[in-house]
Structures are given as structure tokens and as C-alpha cells.
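S.K.: Got a sequence here, can you model it:
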Amino acid sequence: MHKIYITGIAGFIGFHLAEKLAMEGYEVGGMDNFNDYYDPQLKRDRALLLKAKFDMPIYEANIETVNWNKLWKNINWVSLEDYDAVIHLAAHAGVRHSLENPQMYIDTNITGTQRLIHACEEYEIPVVYASSSTVDSDHLNPYAWSKYVNEKQFESSKLLAAGLRFYTVYGEYGRPDMALGLFAEAMSQGKPIDVYNDGDMQRDFTYVSDLVDGIHLVLENLLLTPAINHHEIYNLGTGKSNELMDYIECLENELGRVAQKNMLPMHPADVKSTQADITKAQGVGY
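M.R.: Alright, predicted model coming up:
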């Protein structure tokens, strides 16, 4: 079975993906910098679960500075060369936060990714990497344009690569900075929630296990099927768009309380609506 290395392994998607691949029989290792964009303890708890269940090697490092030849010390140092493919999920997330800290997104999402590309080119290792639904927009924030740059970085590289545009992912061990966590916590405490564009927003909400199934399918296609193109882009969502106000109503029903809504104008980093065209992903079995 193949050996897979995951950057951002202790993140929300990285954790679920590592668990999925390990259960499918892959040998999985990874790295994470456990940054404090949200509570690092959640990331450490995810990493502890992976270590306890699968004895999974997880290395604490930044992609901007890591030595790709020294990823884990067993009897000898483990190198990136020891893996068959990389799934690159490490990135600074958050469209609104990126307006306030653009350099952080340049350093990690762009410069760090270029360092990974150079290492993978040296060892001829294929890469599946996280892009974003925000690429299919007007690139109104540094996060969005950093992901657009990522697609161009891989497209112009020598690598066999697949980019995956994710659409508003939710699920267990999810990010507390996203709407589900923010809304649920505020509502549970009787505090108001911020609702942008007066609630006239639509999102393609994607359950994390469905997304992880899609990543697994793209990975297998990359490893087992002769490539026609060296670089592909896939949208991973549901193909349906849901109203934000319906989303809030579902939370109200589950929590048994009506949300206090702080109705606000459109945020400058946001887009009004997202909906994935999953036709291409369906072609690999998604």
C-alpha cells in the first residue's frame, strides 16, 4: 500500500483524511505547525487521537522552514523521498482574517507551498493539494488570491498534481472560526450572531466525510491511472446551494432556541453565493 504524507495533518480536514486513509490501509505520516489562528489545543487533540489509534508519526514544523529531508526520527531520519505522494493541506485559512494579515498568507500559502513544490520536484512525488472555492470568485481577499496563485504554481511546475476546490466544509472536530461553530456557541450562550448581507447569502455546505471520500478518490486516480494532463482541478462540494437563513433555522431547531440576529451589510471579503460544479469530480467516482 502507498505511503502518504499530509501537510496540515492536525487541521480539520487533515485529521479526517488521515483517519480515512489509515483505515483504508495506507501508511500515513504528516506535519502541522499547530498555529493559534484558533485554539491549538483542538489541533493537538486531533493529533493525539491519530497517534493513539494508528501510531501515526506527526512532526511539528512550518512548511516555510522545514527540512524536507528530516521529517521524522525513527531509527534514521524519514525524508519526503520515503513517501509515494503528498497531500498538501497546510495553509492559513480565513477569508476575513486575511484582509488584516496579508503577509502571513503570502509567507505560508505561497512561499511555503513553493518550497514544497521544489522538494517534490526533486523526488518526483505527485501532489494532491487544497485549493478553495474562493478561487472561483473575484479574489477579493489575500486568502482567495493565495489559493489562485497555488493553482498557478502547481500548473507551471513539473509535478503530477491535482488541485481540489473545497466548498464550506462542516462536521465533527470542525473549525470553531467557521459559521457553524461561531453561531452554535453564540446561540448556546444567548448572544447575537452576525448575519452578513442581511441574510441573503447562499453556500454549498459540504459534510467532511463526503469531502474526504472525494480526496481519496482523486488520490487513487492520481496514483493508479495514467495521467492525460499533469495538472487537474476538481471541485468538491455537493453541487447544491443552501440559503444561509435556512442553515440558521436548522441550528435553531437543533438547539431549541431562536437566534438573536445582528443583521449586517455584505462583508468586503465575502461572496454572496457558492455552488460547486462537480461534473469533473463525478468522473472519478465522486
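
S.K.: What does the residue of the chain most remote from its centre show for phi and psi?
M.R.: In terms of distance from the mean C-alpha position of the chain, I75 ranks first, at 31.7 Å (Cα atoms, centre = their mean). Main-chain torsions, I75, degrees, to the nearest 10: phi -80, psi -40.

S.K.: and it, how far is that from E254?
M.R.: Separation of I75 from E254 (Cβ to Cβ, to the nearest Å): 50 Å. For glycine as for every other residue, the C-beta is placed from the backbone atoms N, C-alpha and C.

S.K.: again with K272
M.R.: The value you get for K272 to E254, if Cβ to Cβ is used, is 25 Å.

S.K.: Could you do T134 as well?
M.R.: From T134 to E254 the distance is 28 Å (Cβ to Cβ).

S.K.: Can I get stretch 19-29 in CSV, CA atoms only?
M.R.: Taking Å, rounded to 0.1, in the frame of the first residue of the first chain, the C-alpha atoms of stretch 19-29 are listed here in CSV:
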residue,chain,number,x,y,z
GLU,A,19,-8.0,8.7,9.7
LYS,A,20,-9.8,7.7,6.4
LEU,A,21,-6.5,6.8,4.6
ALA,A,22,-5.2,4.9,7.6
MET,A,23,-8.4,2.8,7.8
GLU,A,24,-8.0,2.1,4.0
GLY,A,25,-4.6,0.6,4.7
TYR,A,26,-2.4,3.5,3.6
GLU,A,27,0.8,4.2,5.7
VAL,A,28,0.3,7.9,6.7
GLY,A,29,2.5,10.5,8.3
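
S.K.: contacts for that stretch?
M.R.: Residues outside stretch 19-29 that contact it (Cβ atoms under 8 Å, 6 or more residues apart in numbering): 1-6, 9, 18, 49-50, 53-54, 56-59, 71-72, 78, 83, 209, 212-213, 216, 219.

S.K.: State which helix of the chain is the longest.
M.R.: helix 208-224 (DSSP state H).

S.K.: That one: how far from the chain's middle?
M.R.: Centroid separation for helix 208-224 versus its chain: 13 Å, with Cα atoms, centre = their mean, to the nearest Å.

S.K.: same question for it, mean pLDDT?
M.R.: Average pLDDT, helix 208-224: 97.

S.K.: Could you tell me how many residues sit around K280?
M.R.: Neighbours of K280 under the rule other Cβ atoms under 10 Å: 12.

S.K.: Also the one 5 residues further on?
M.R.: Other residues within reach of G285, judged by other Cβ under 10 Å, total 12.

S.K.: repeat for L21
M.R.: As a burial measure, L21 scores 23 neighbours (other Cβ under 10 Å).
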